[in-house]
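Student: No sequence on hand, only this structure:
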């Protein structure tokens, strides 16, 4: 089971109660203004946003909110960040009709679930990588392959076991 934030739709049917939640992050793309575009990304730690130069202008990203998929998007963080950043960076018009919203699966300890399902032989888990799923995909695949084939894993898989919850 490697379905990112939708993994619970499968493991829940088998009786597993792994506390998987979604971290939602919002992005908006803006046209460049007369002031131009910064030459490098800018992180505003105080107000919790990042501005990144893009080919077509600027991208504003915010922190995360923990929510279930069924909860409607709020956009509060993006609206707040835009109010703070617009006077400083002079955004042009919004280029996207709606903010981009990403679902990033996470567990309470912020570690992925990787390994065999405790009660179902042949069922394996690989989800909950937060916003690092694409980056950690290859190493997760290696760890799973080593466990599945009986090889000695390159790292201790215990911290990622499903039965830690």
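Tutor: Arrived safely, thanks for sending. Everything numeric here is computed off the predicted structure, so don't read it as measured data.

Student: Give me the distance between the closest residue to residue 161 other than its chain neighbours and residue 70.
Tutor: The shortest distance from residue 161 to any non-neighbouring residue, by C-beta to C-beta, 6 or more residues apart in numbering, is to residue 115 (5.3 Å). C-beta: built from backbone N, CA, C; applies to glycine. Look at residue 115 and residue 70: by C-beta to C-beta, to the nearest Å, they are 28 Å apart.

Student: Comparing those two, which shows the higher neighbour count?
Tutor: For residue 115 versus residue 70, the count of surrounding residues by other C-beta atoms under 10 Å is larger for residue 115: 22 against 6.

Student: Let me know the outermost residue of the protein.
Tutor: What lies farthest from the middle of the chain is residue 34; by C-alpha atoms, centre = their mean that is 33.0 Å.

Student: dump the residue contacts of it.
Tutor: Residues in contact with residue 34, defined by C-beta atoms under 8 Å, 6 or more residues apart in numbering, are residue 90.

Student: Could you tell me what pLDDT the model assigned to it?
Tutor: Here the pLDDT value assigned to residue 34 is 84.
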